[in-house]
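> starting from these lines, generate the structure:
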Amino acid sequence: MNETTMEHVARLWVGMGNAAMISLRVTMILIAAWVISTVVQRAIRAFRERIANRLDDPEAVKRAETLARMFRYIVKTIVWVLATMIVLGELGVSLAPILGAAGVVGLAVGFGAQSLVRDYFTGLTILLENQIRVGDIVNLGGAHAGVVEQATLRFVQLRDYEGRVHYVPNGQITSIINLTRGFANAVMDVGVAYRENTDEVMAVMREVARELRADDAFAPRILDDLEIAGVDQWADSSVVIRCRIRCNPGDQWTVRREYLRRLKHAFDRTGIEIPFPHVTVYAGQDKRGGAPALPLQLQRGARAAEATAGVQT
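Next comes the predicted model:
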């Protein structure tokens, strides 16, 4: 009896020792995975900062930051997947059946998660082709527009002017309009009255543009002088003159607002009319060229007269 009890205790002690060793190894594996993931991610971040400090082109800096985010995400995923597989091996779970079944399960999941797979492949293509970078202002198909805060293999995170955050899966992106690549144009359609001399109006527009570019607050934002395309259309109540100013990417909206503000003051100062919608009533002419009298009736006066007649009655 005593011998049997001692054997049970010995086996229990050995089992506890094995469990303790397995727990220790699992803990060490998880700690090692965390250390490797942290060190590699910090190394990628430091490498990106070192490259950014040597680059003078802000476009290249944006691309380096975007690619660094992608590589950190990939490294983190690979390290923890390998750590999980090693932990399962330490716990006695055979990986061969899991890896064998992964093909069948992957095939089934592939049919059910085609959109997810498309997201990753599209995201990889977008990042490698440098179509989107962190800090860009983009329009993704019309429904989503804003500043790119994060671009991953899975989705693109945008923040619009009102502060709302958009999460757009990469698989749903069919077109990308990047508004901050290389340079931008502040495009203005200036409407003036039909009676104004368009040459004089254009001279005032150029003068305002020269003053704007001479301003120290706006000179770094503007890359070239005002370019006037000319009279773009004859609208219902105005003659529309189209022009543009080439700016640094992202500054086109600030330059456009300031130019229109100064142009309004210049038009007021020179007496150039900024038209508003109005309607001209034309009574027509007869065959001899005479214009008949236009019959008008003041409804308010007629009603007042009727009311007075009614009181007298």
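> and the strands in the stretch 1-150 of the chain, which stretches?
137-140, 144-151 (DSSP state E, counting those that start in this stretch).
> ok, the stretch 151-300 of the chain next?
Listed in chain order, the strands of the stretch 151-300 of the chain (DSSP E, counting those that start in this stretch) span 155-159, 165-169, 177-178, 184-192, 227-234, 239-247.
> spatially nearest residue to residue 235, not counting backbone neighbours?
With CB to CB, 6 or more residues apart in numbering as the criterion, residue 235 has its nearest non-adjacent residue at 6.5 Å, and that residue is residue 191. For glycine as for every other residue, the C-beta is placed from the backbone atoms N, C-alpha and C.
> so the one you found sits against residue 234, correct?
No: assessed by CB atoms under 8 Å, residue 191 is found out of contact with residue 234, at 10.5 Å.
> with neighbour numbers in mind, choose between these two.
Per other CB atoms under 10 Å, whichever of residue 191 and residue 234 has more neighbours is residue 191, with 16 against 10.
> among the strands of the stretch 1-150 of the chain, which is nearest residue 120?
Taking CB to CB, strand 144-151 is the member of the strands of the stretch 1-150 of the chain nearest to residue 120, at 13.0 Å.
> where does the stretch 101-250 of the chain dip in pLDDT?
101-113 (pLDDT under 70).
> now for the residue most central in space within the chain: which residues touch it?
The residue lying closest to the centre of the chain (CA atoms, centre = their mean) is residue 146, at 3.0 Å. Under the criterion of CB atoms under 8 Å, 6 or more residues apart in numbering, the neighbours of residue 146 are 137, 138, 158, 159, 160, 161, 164, 166.
> how about the last one: what's its closest non-neighbour residue?
Nearest residue to residue 166 in three dimensions, chain neighbours excluded: residue 158, at 4.2 Å (CB to CB, 6+ apart).
> before we move on, the earlier item: just put the contacts of residue 146 in TSV and tack on neighbour count and distance to residue 39.
Output for the contacts of residue 146, formatted as TSV (neighbours: other CB atoms under 10 Å; distance: CB to CB, whole Å):
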residue	neighbour count	distance to residue 39
137	21	34
138	23	33
158	24	32
159	14	31
160	13	37
161	10	39
164	10	37
166	16	34
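> of the residues you listed, closest to residue 262?
For these, the nearest to residue 262 is residue 161 (23.1 Å; CB to CB).
> so the closest one versus residue 247, what's the distance?
18 Å (CB to CB, to the nearest Å).
> cool, residue 145 as well?
In terms of CB to CB, residue 145 sits 19 Å off from residue 247.
> who has more neighbours, the two?
More crowded of residue 145 and residue 247, by other CB under 10 Å: residue 247, with 22 against 16.
> partner residues bridging the more buried one?
residue 184, residue 222 (DSSP bridges).
> in this structure it contacts residue 255, no?
Yes: between residue 247 and residue 255 there is a contact under CB under 8 Å: 4.9 Å.
> run through who's touching stretch 69-79.
Contacts with stretch 69-79, where a contact means CB under 8 Å, 6+ apart, come from 33, 36-37, 40-41, 44-45, 127, 134, 150-153.
> how about a cut-off of 7 Å?
Stretch 69-79 has contacts (CB atoms under 7 Å, 6 or more residues apart in numbering) with 33, 36, 37, 40, 41, 44, 127, 134, 151, 152, 153.
> how about residue 267, what does it touch?
Residue 267 makes contact with residue 274, according to CB under 7 Å, 6+ apart.
> need the pLDDT of it.
pLDDT recorded at residue 267 is 94.
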